[in-house]
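1. got a structure for you, letters missing:
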């Protein structure tokens, strides 16, 4: 979570009404993120060291998404302010609103340029199509399946 900037600057506006209600939850995500970033990664492969960071960013974005779209607990102004100030991933939330991407774990899993066969990540394959109950885990973010049909 980005730090709250000083309110004296003319460039930075103070948070809209309702931010105080969710500040504590966002602080918890901030603490989790700092812990994940400061965790030693001596005996872990490099790509696995980033998985907790991706998962916490996903949880924080999902929290903001659910507050606005499902629970309707925050205003449009607060939602826009949260996206603008980096409290949630606007691109990921935009994908969640589309059919078939409701459970998407991260944007890297749908980028076809980063895969060998120009396809999406293996975590996007529905579990019904996998052979013999294969255990699948994404290399990018550690997801074990984010297909919307699961």
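-> Good, I have the coordinates. If you're wondering where the values come from, they're calculated on a predicted model, not measured in any experiment.

2. now the most centrally placed residue in the chain, what's its secondary structure?
-> Of all residues in the chain, the one closest to the mean position by C-alpha atoms, centre = their mean is residue 58, 1.9 Å from it. Here residue 58 is recorded as helix under DSSP: H, G, I helix; E, B strand; the rest coil.

3. Name the helix or strand for the nearest residue to residue 103 once chain neighbours are set aside, please.
-> Excluding the flanking residues, the one nearest residue 103 by C-beta to C-beta, 6 or more residues apart in numbering is residue 146, at 4.6 Å. To be clear about C-beta, it is placed using only N, CA and C from the backbone, and glycine gets the same treatment. Following DSSP states H and E, there is no helix or strand that holds residue 146.

4. dump the residue contacts of residue 146.
-> 103-105, 109, 123-124 (C-beta atoms under 8 Å, 6 or more residues apart in numbering).

5. can you check residue 139 too?
-> 47, 121.

6. Distance of it relative to residue 77?
-> Note on residue 139: its distance to residue 77, by C-beta to C-beta, to the nearest Å, is 39 Å.

7. what's the neighbour count on residue 91?
-> 9 (other C-beta atoms under 10 Å).

8. and what of residue 26?
-> Residue 26, neighbours per other C-beta under 10 Å, totals 18.

9. cool, the one 4 residues further on as well?
-> Here the count is done by other C-beta under 10 Å, and residue 30 has 16 residues near it.

10. what's in contact with the strand or helix carrying it?
-> In this structure, residue 30 sits in helix 19-38 according to DSSP H and E. With contacts defined as C-beta under 8 Å, 6+ apart, helix 19-38 is touched by 1, 52-53, 56-57, 59-60, 63, 67, 73-74, 78, 81, 87.
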